[in-house]
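1. What shape does this take:
(one chain, ligands or ions: 1)
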Amino acid sequence: MCGIVGYIGFREAYPILIKGLRRLEYRGYDSAGIALIDNNEELSVYKAKGRVSDLEESVKDKDINGTIGIAHTRWATHGEPSNANAHPHYSQSETIALIHNGIIENHAVLKTQLEEKGYKFQSSTDTEVLVQFIEYIKSLNNCDLFSAVQIALKQVVGAYAIAIIEKGNPDQIIAARKSSPLVIGIGEGEFFLGSDASPIIEYTNRVIYLNDEEIALIKRNEEPKIFTISNVEITHEIKELEMNLSELERGGFPHYMLKEIFEQPETLKNCMSGRINVEGTHITLSGIIDFKEKFINARRIIIIACGTSWHAGLIGEYLFEEFCRVPVEVEYASEFRYRNPVIYKDDVVIAISQSGETADSLAAIESARKAGAFVYGVCNVIGSSIPRNTDSGSYTHCGHEIGVASTKAFTAQVTVLTMMALAIAKEKGTVNNERYLSIIKELQNIPAKIKTILSHNDKIKELSLIFTYAQNFIYLGRGYSYPIALEGALKLKEISYIHAEGYPSAEMKHGPIALIDNEMPVVAIATNNTIYEKVVSNVQEIKARKGRIIAIINEGDEGIKELADHYIEVPSTLECLDPLLSCIPLQLLAYHIAVNKNRDVDMPRNLAKSVTVE
Ligand code: M6R
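-> Next up, the predicted model:
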């Protein structure tokens with residue numbers, strides 16, 4: 001989604017802004033732009049469709065001096081990707097420049113009003129409507145820009161993170177947010193703005209997270225002042241970032257996605273560290289301790305999430321039902337928010353999100369909280385909106401995930417859900433001690449087993465060559481492997497653009513089996529579990545129709561090797577932990593097929609890392 005960077009201080013702004021835009025590239029975008037106020041207090045805007053490098057190329061012979069500026073990467077919502085629709089947008093008089101992340105829902109009404117007053121528009125964006133509206137309010141009320149922004153935002157319906165600068169006023173940036181993230185970095189005599197901390201961390205680890213409907217006045221050489229849009233001044237705590245710069249580099253890997261797949265043995269150790277005691281006999285999740293009664297007495301658990309996080313939620317359903325004996329529902333946040341769902345006060349709602357900024361998940365959380373349910377967040381990005389808007393929660397601690405295709409965040413989410421299910425089951429007395437101890441022990445073996453799977457990377461790469469030109473793929477799994485079939489298919493489609501579907505294996509005969517012929521690759525997760533024999537029968541049904549089977553099997557399973565055209569071995573583990581292993585070859589297979597097809601693996605078309613609009 002759109003990325004925002006801002007700088008005001010003693011250095012040249014342009015290089016800082018460009019570097020910041022590069023750090024935000026991972027979010028996904030289609031055009032980029034920059035606005036600077038130069039030493040003569042003139043305001044200039046430069047923008048280009050395409051990559052940040054296209055923007056750099058377009059300003060090559062321009063005067064780009066100045067110590068204040070704002071910059072933006074755009075992910076199109078209103079209007080196609082083009083130079084005209086890229087941000088920043090000027091106001092009519094070209095004295096105000098504004099960048100925006102989010103959607104102004106009442107833009108059409110505002111635009112009609114402004115057109116009636118003679119305003120002309122250069123783009124088809126909702127953002128240009130906002131900057132024109134601010135200028136209109138400023139002249140109507142004869143007030144300064146800050147007051148105009150406050151008045152204008154009260155009349156705006158929708159979501160926004162914005163940054164604004166003004167010709168003749170080289171000493172201030174105005175920034176505001178509602179439902180879209182915005183972070184202010186506090187340096188020594190300089191300030192930074194970012195949609196997240198990645199463009200800021202190189203310069204300072206001290207940040208302020210703006211809350212909804214807050215507006216910041218960031219003046220050169222003064223502490224930032226923060227107000228509500230109703231003009232109440234707010235004192236904000238300065239937080240210390242835990243991220244470090246090396247997390248933002250590729251570390252010798254050709255893509256962030258591959259780096260992140262290979263990081264998983266380490267990220268899962270980090271995720272468990274401090275939560276499983278050294279003796280390996282107990283799990284403590286601090287987010288649960290204070291609220292254990294809520295979990296013990298929960299009438300129901302509702303899990304809300306989107307995309308890959310939703311797949312982790314499905315595994316959560318199997319875990320909570322098996323160990324905690326509580327009914328679980330897993331909901332797409334985007335449906336839950338508009339479905340008028342029945343929510344009880346003694347429901348526990350678990351929101352899962354890597355970014356912690358997904359707009360639909362945030363809205364679903366709001367509905368759950370309004371209905372009086374207790375809401376627990378499972379998030380990766382520390383200090384993001386979901387952890388700040390939930391009653392309690394657990395971080396996944398897998399470090400910054402940059403590849404748009406989620407990999408290490410997924411396994412960390414499943415690990416947190418496993419620890420949660422076990423910790424709650426222990427409190428409820430729904431798991432016996434022997435089982436509890438054996439799962440904790442095996443959970444700690446998972447990182448080493450993932451390492452073994454990663455050592456098959458070359459074999460998986462070779463296999464990928466056979467299927468690079470497939471048009472379709474089917475992924476099958478049952479029980480705990482069903483969500484992995486869905487996740488494997490999602491990984492493949494989002495980065496290779498090959499059509500792929502995941503199904504519970506036994507559903508094939510109810511329709512999808514009609515698709516099987518000798519051209520159809522079928523990835524069957526056939527690891528040894530309680531319904532192994534049934535999975536084998538399902539694989540036989542595919543084989544009988546000449547489907548090309550790629551089986552994910554346990555090491556040494558000779559029987560299924562004969563059935564499959566190709567196989568990838570993974571170590572055996574407990575059934576409930578199998579998803580943590582069987583997802584790894586599927587991540588690698590999708591990665592290599594996408595690379596073979598020369599796809600932009602880390603920034604696939606049309607996708608954004610952090611989906612901050614609904
Ligand atoms: O940040 P979140 O986990 O809330 O994001 C949810 C989805 O947008 C995300 O998982 C998406 O499906 C990924 N691209 C999958 O790889």
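2. dump the residue contacts of the residue lying closest to residue 16 once chain neighbours are set aside.
-> Once flanking residues are discounted, residue 16 sits nearest to residue 7: 4.7 Å by Cβ to Cβ, 6 or more residues apart in numbering. In short, each C-beta sits where N, CA and C put it, glycine included. By Cβ atoms under 8 Å, 6 or more residues apart in numbering, the contact set of residue 7 is 13, 16-17, 20, 67-70, 190-193.
3. ditto for residue 501
-> 472-475, 489, 512.
4. Residue 459 is in what secondary structure piece?
-> Element membership for residue 459 (DSSP states H and E) is helix 457-467.
5. Contacts for that helix, please.
-> Applying Cβ under 8 Å, 6+ apart, the contact partners of helix 457-467 are 473, 521, 550, 566, 568, 585, 588-589, 592-593, 595-596.
6. Among those residues, which pair sits farthest apart?
-> Greatest spatial distance among the contacts of helix 457-467 (Cβ to Cβ): 566 and 595, at 18.4 Å.
7. burial measure for the residue in the stretch 251-400 of the chain that the ligand sits nearest to, as a count.
-> When scored by Cβ to the nearest ligand atom, the stretch 251-400 of the chain has residue 307 as its residue closest to the ligand, at 2.0 Å. If you count neighbours by other Cβ atoms under 10 Å, residue 307 ends up with 22.
8. Next, give phi and psi for it.
-> Dihedral angles of residue 307 (phi, psi; degrees, to the nearest 10) stand at phi 60, psi -130.
9. Verify the contact between it and residue 405 for me.
-> No. The criterion here is Cβ atoms under 8 Å, and residue 307 misses it with residue 405 at 9.9 Å.
10. what number of residues lie near residue 480?
-> Residue neighbour count, defined by other Cβ under 10 Å, stands at 26 for residue 480.
11. now it: how far from residue 104?
-> Here residue 480 is placed at a distance of 43 Å from residue 104 (Cβ to Cβ, to the nearest Å).
12. got the contact list for the residue of the stretch 251-400 of the chain closest to the ligand?
-> Contact partners of residue 307, counting by Cβ under 8 Å, 6+ apart, are 406, 490, 611.
13. From residue 398, how far out is it?
-> Taking Cβ to Cβ, one finds residue 307 at 16 Å from residue 398.
14. what's the answer for residue 442, then?
-> According to Cβ to Cβ, residue 442 and residue 398 sit 20 Å apart.
15. and what of residue 19?
-> Distance from residue 19 to residue 398, by Cβ to Cβ: 25 Å.
16. Of those two, which one has the most company?
-> With neighbours defined as other Cβ under 10 Å, residue 19 and residue 398 compare such that residue 398 has more, 26 against 16.
17. State the helix or strand in which the more buried one lies.
-> Counting by DSSP H and E, no helix or strand carries residue 398.
18. Is it correct that it is in contact with residue 267?
-> Yes. Counting by Cβ under 8 Å, residue 398 does reach residue 267; the two are 3.8 Å apart.
19. Which neighbours do those two have in common?
-> Common contact partners of residue 398 and residue 267 (Cβ under 8 Å, 6+ apart): 408, 411-412.
20. Could you list which of the residues you listed also contact the ligand?
-> Filtering the shared contacts of residue 398 and residue 267 for proximity to the ligand by Cβ under 6 Å from any ligand atom leaves nothing.
21. Can I get those residues in a markdown table including pLDDT?
-> Formatted as a markdown table, the shared contacts of residue 398 and residue 267 follow (pLDDT from 0 to 100):
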| residue | pLDDT |
| --- | --- |
| 408 | 97 |
| 411 | 98 |
| 412 | 98 |
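22. For residue 151, see how far away the residue lying farthest from the centre of the chain is.
-> The centre of the chain is farthest from one residue, residue 142, which by Cα atoms, centre = their mean lies 41.6 Å away. Distance, residue 142 to residue 151, using Cβ to Cβ: 12 Å.
23. what pLDDT does residue 246 get?
-> According to the predicted model, the pLDDT of residue 246 comes to 69.
24. how close does the nearest residue to residue 574 once chain neighbours are set aside sit to residue 46?
-> Distances taken as Cβ to Cβ, 6+ apart place residue 442 nearest to residue 574, at 5.0 Å, with adjacent residues excluded. Residue 442 is 56 Å from residue 46, where distance means Cβ to Cβ.
25. repeat for residue 238
-> 33 Å.
26. quick one, which of these two is more surrounded?
-> residue 46 (20 against 13).
27. Can you name the residues of the stretch 351-500 of the chain that neighbour the ligand?
-> With Cβ under 6 Å from any ligand atom as the criterion, the stretch 351-500 of the chain meets the ligand at residues 353-355, 358, 361, 404-406, 490, 494.
28. In strands only, show me these.
-> Among these, the subset assigned to strands under DSSP state E consists of residue 353.
29. For the residues of the stretch 351-500 of the chain next to the ligand, pick the one with the most neighbours.
-> Neighbour counts for those (other Cβ under 10 Å) peak at residue 353, which has 34 neighbours.
30. Identify the residues contacting that residue.
-> Contacts here follow Cβ under 8 Å, 6+ apart; on that basis residue 353 touches 305-306, 309, 361, 377-380, 384, 386.
31. can you rerun that using 6 Å?
-> Counting by Cβ atoms under 6 Å, 6 or more residues apart in numbering, residue 353 makes contact with 309, 361, 379, 386.
32. With residue 280 instead?
-> Per Cβ under 6 Å, 6+ apart, neighbours of residue 280: 440-441.
33. repeat that for 8 Å
-> Residue 280 is in contact with 437, 440-441, 444, counting by Cβ under 8 Å, 6+ apart.
34. With residue 265 instead?
-> 447-448, 450-451, 454.
35. Who are the contact partners of residue 239?
-> Residues near residue 239 by Cβ under 8 Å, 6+ apart: 206-209, 383.
36. Surely residue 590 touches residue 497?
-> No. Checked against Cβ under 8 Å, the pair residue 590 and residue 497 is beyond contact range at 11.1 Å.
37. For those two, indicate the residue with more neighbours.
-> Set residue 590 next to residue 497 and count neighbours by other Cβ under 10 Å: residue 590 wins out with 30 against 14.
38. Quick one: classify the more buried one as helix, strand or coil.
-> Here residue 590 is helix, with the state taken from DSSP: H, G, I helix; E, B strand; the rest coil.
39. Can you tell me the closest non-neighbouring residue to it?
-> Excluding its sequence neighbours, the residue lying closest to residue 590 (Cβ to Cβ, 6+ apart) is residue 491, at 3.8 Å.
40. domain assignment for the protein?
-> Here the domain parsing of the chain from automatic domain parsing is 3-246, 250-455, 456-601.
41. Residue 86 in helix, strand or coil?
-> Judged by three-state DSSP, the three-state class of residue 86 is coil.
42. Now for it: which residues touch it?
-> By Cβ under 8 Å, 6+ apart, the contact set of residue 86 is 31-33, 47-49, 72, 74.
43. Farthest pair within those?
-> It's 49 and 72 that sit farthest apart of these, by Cβ to Cβ, at 12.9 Å.
44. Let's see stretch 169-185 as CSV, backbone CA atoms only.
-> The C-alpha trace of stretch 169-185 is given here as CSV (Å, rounded to 0.1, in the frame of the first residue of the first chain):
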residue,chain,number,x,y,z
ASN,A,169,6.7,28.0,5.1
PRO,A,170,9.9,25.9,5.1
ASP,A,171,9.8,25.3,8.9
GLN,A,172,6.8,23.0,9.2
ILE,A,173,5.3,19.7,8.2
ILE,A,174,1.7,18.9,9.2
ALA,A,175,0.8,15.2,9.5
ALA,A,176,-2.4,13.5,10.5
ARG,A,177,-3.9,10.0,10.6
LYS,A,178,-7.1,8.1,10.8
SER,A,179,-7.1,4.3,10.2
SER,A,180,-3.8,4.4,8.3
PRO,A,181,-0.5,4.2,10.1
LEU,A,182,1.9,7.1,10.6
VAL,A,183,5.1,7.3,12.7
ILE,A,184,7.1,10.4,13.6
GLY,A,185,10.9,9.8,14.2
